[in-house]
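S.K.: Quick one, what's the 3D model for this:
(chains A and B)
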Amino acid sequence: MSLAATSRGFAAAARDALADPALQRALANIPAGFQVKRRNALAEFPEWRDLSDAALAIKNHTLANLDFYLEAFEARVKESGGQMHWCRDDEEAREAVLRICERAGVKRAIKSKTMVAEEIALNPYLESRGIECVENDMGEYVLQLRREAPSHIIAPIIHLNRGQIADSFRELHKGRDAARHLESARELLNEARAVLREKFLAAEAGITGANFLIAETGSAAIVTNEGNADLTVTLPRVHIVVASIEKLVPTIPETWVLLRLLARFATGQDITAYTTFVGGPKRSGETEGPAEFHVVLLDNGRARMLGGEFHDMLRCIRCGACINHCPVYGAVGGHAYGSVYPGPMGAVLTPALAGLTNAAPLPEASSLCGRCEEVCPLQIPIPRMLRAWRTREFSQGLGSLRARIALRLWAYFAKRPALYHAAANIAARFLRIAARLRLPLPILSAWTKTRTLPAAPGETFQSLYKKRGKP
Amino acid sequence: MARPKVGLFVTCLVDLLRPNVGFAALKLLGDAGCDTAVPRAQTCCGQPAYNSGDRADAAAIARRVIETFETFDYVVAPSGSCAGMLRVHFPALLADDPDWAARANAFAARCHELISFLVNVRGVTAVAARCDASACYHDSCSSLREMRVRNEPRKLLATVSGLTVSDIPDAEACCGFGGAFCVKYPDVSARIGGDKLDCVSRTGAGLVLAADLGCLVHLAGLAARQNRAYQFRHVAEVLADETETPPMGTPS
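M.R.: Presented below is the predicted three-dimensional model:
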């Protein structure tokens, strides 16, 4: 088992997304909502380049010594009275969470936002085993009500507008005044808060992710803007952290280097509203905290990436900057990618975790404009890795046969200049006629589907140059 | 000082679709004191193969380009994208080939995008050209992010008499061309290009200039299909004062 992805349908899903006016209106908010805020935050923070270099060194060092730091982390977790659950894949991770719940008699769980739990599809699994697991991040809660997947790793309901959320609340929050006001964000938040407060108080287990796992303390660093993670780890008697192996960081000071970058690159904040370090169960003398502390540590294909072509992707701290600056994501949104990890980072990560045959369209779904790499706080060479996936696709024959034949034919000529120039002259003549008569172009009909071929001169430069010589 | 020997890498799009860009480049290089030649043995930089994952063909083309142009002091292309292929990606492509890695690195160091070559290597500060138009300048992603070219074209365009040049809002955003991408995902590509044309319309300019024919043909084709009356030219045409050829994008 591995990450489940429906990415093979990208082309059709992208077309649907382009034709969805509500989605397009929502996506139009990304430049002002994310790009401008990130740019302004960095303008006030000139040391970010040094911090980015430091972060790169921290992540590279940790990944190069990941076995050491994982064992150190485990030792600290156990010393503090916590329990470790090593999981090779999503199935083992789901079962580990279920076992913890069953042993502790948990029937009701509450969960703060975690992409790794999305990756292993934890909610439907627990539900099918009779355990209620309620999301308490506002965005994730709305998605759970609507039975939808997140469309962005840090802004899960970026595809929705307030009216759609209000409609869901009216339909699914039973027993409330039908005439109540649900127009403003405040009204929506208050209603969600009222519903969720009951869930918080009733929950026997709190499930969180971890932005970072700290080897020297055996603790998890969790950031939110709603404070929901703090309640999740404080109220229930069992705390379960679900996190993947590349979240390891050696020390707390090094974690702060990454935290200072994360908020600025993600939302343009200096620091997220809530930053929490938690680890271990409640100690004697403490008045708050869980009786049990568990870390469900997931590999799910990541160890395979270590030391290979996609190693650098493991540096990702999930800030979403690449997604927020991607022209393709900006045009089609996250659901089209068919993976919990969309956009440029998802186009690299999804084939690695779900298998290339299940995600083949994603590395192609990029103009290779390079902005993702430019805006990445960890300097991850995403375009290089997209090309690396394309190379594997080509050698495995995964692309369309037509594109493959066209490419090989073109390459045959490109390697033979005399033939190439003769063919180019014929093509130039044909293009002039085609442009005049608006003829469909063989091979390039997809190009003329949305564009009109500009008038062509009918003779190549090489041919004209031979006749004219130097000007 | 001896005149440097420059090999013009024409690029396949200029060869096929807009030969006057090649002649404009020759004039600009001649004015900048270069002895320029156009090797007949060139075809394309191999980028379509490289970006489609066909490494073997891309490497074969790269080796041929290097052989063809190795004797020149400089190799200059009127395209940030093709120059980026020669300068950034040839070394990556041939890094594991013991016979070619060092050659590719030495070759790459001599490869330049046309306008930045004129300004940074040849010290050109002004051109003798006239173009009565209000224009905006589109940065191609490879010019901007691979070749680090930003101010050079603006500096020279500022010396063209009769021309005003403005920046396009959100100038760092891609236009959606992306080589094979624009054929593989034509609807997504067109949508991104439409956004770029919307930004162009906010400048009030009627003429769009760029240093990459790929972006220009894509945007001109979109504008023509959407009946938007913009004109498109390669920046070299304007700088070389070679504007008799009608611009692209004019609805015919």
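
S.K.: wait, what's in contact with A:Val77?
M.R.: Residues in contact with A:Val77, defined by Cβ atoms under 8 Å, 6 or more residues apart in numbering or on different chains, are A:83-84, A:218, A:279-280, A:293, A:295. (C-beta placed from N, C-alpha, C; glycine too.)

S.K.: can you give me the strands for the stretch 1-150 of chain A?
M.R.: A:83-87, A:108-111, A:132-135 (DSSP state E, counting those that start in this stretch).

S.K.: Out of the ones you listed, flag the one nearest A:Ala354.
M.R.: strand A:83-87 (16.8 Å; Cβ to Cβ).

S.K.: which ones are touching the residue of the stretch 51-200 of chain B found nearest chain A?
M.R.: Across the stretch 51-200 of chain B, no residue is closer to chain A than B:Gly178, which sits at 2.7 Å (Cβ to the nearest Cβ). Residues in contact with B:Gly178, defined by Cβ under 8 Å, 6+ apart, are A:366-369, B:189.

S.K.: any idea how far it is from A:Ser366?
M.R.: 7 Å (Cβ to Cβ, to the nearest Å).

S.K.: tell me, what's touching the two both at once?
M.R.: By Cβ under 8 Å, 6+ apart, no residue touches both B:Gly178 and A:Ser366.

S.K.: Backbone dihedrals for B:Arg130, both of them.
M.R.: Backbone geometry at B:Arg130, expressed as degrees, to the nearest 10, gives phi -130, psi 140.

S.K.: Touching, it and B:Asp241? I think so.
M.R.: Yes - with contact defined as Cβ atoms under 8 Å, B:Arg130 reaches B:Asp241; the gap is 6.5 Å.

S.K.: Neighbour count: these two, which is higher?
M.R.: B:Asp241 (17 against 12; other Cβ atoms under 10 Å in any protein chain shown).

S.K.: Three-state assignment for the more buried one, please.
M.R.: The assignment at B:Asp241 comes out as coil when based on DSSP: H, G, I helix; E, B strand; the rest coil.

S.K.: got a list of what it touches?
M.R.: Here B:Asp241 is in contact with B:127-131 (Cβ under 8 Å, 6+ apart).

S.K.: okay, among the residues you listed, which ones form the most distant pair?
M.R.: B:Ala128 and B:Cys131 (11.7 Å).

S.K.: between the two, which one's more packed in?
M.R.: Neighbours per residue, other Cβ under 10 Å: of B:Ala128 and B:Cys131, the larger number sits with B:Cys131, 20 against 11.

S.K.: doesn't that one fall inside a strand?
M.R.: Yes - checked against three-state DSSP, B:Cys131 lies within a strand.

S.K.: then whichever strand or helix holds A:Leu353 to PDB, C-alphas only?
M.R.: In this structure, A:Leu353 sits in helix A:343-354 according to DSSP states H and E. The C-alpha coordinates for helix A:343-354 follow below in PDB (Å, rounded to 0.1, in the frame of the first residue of the first chain):
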ATOM      1  CA  GLY A 343       1.100  21.900  -7.100                       C
ATOM      2  CA  PRO A 344       4.800  21.600  -7.700                       C
ATOM      3  CA  MET A 345       5.800  19.900  -4.400                       C
ATOM      4  CA  GLY A 346       2.900  17.400  -5.100                       C
ATOM      5  CA  ALA A 347       4.000  16.800  -8.600                       C
ATOM      6  CA  VAL A 348       7.400  15.600  -7.300                       C
ATOM      7  CA  LEU A 349       6.200  13.900  -4.100                       C
ATOM      8  CA  THR A 350       3.000  12.100  -5.400                       C
ATOM      9  CA  PRO A 351       4.900  10.000  -8.000                       C
ATOM     10  CA  ALA A 352       7.400   9.100  -5.300                       C
ATOM     11  CA  LEU A 353       4.800   8.000  -2.800                       C
ATOM     12  CA  ALA A 354       2.000   6.700  -5.000                       C
END
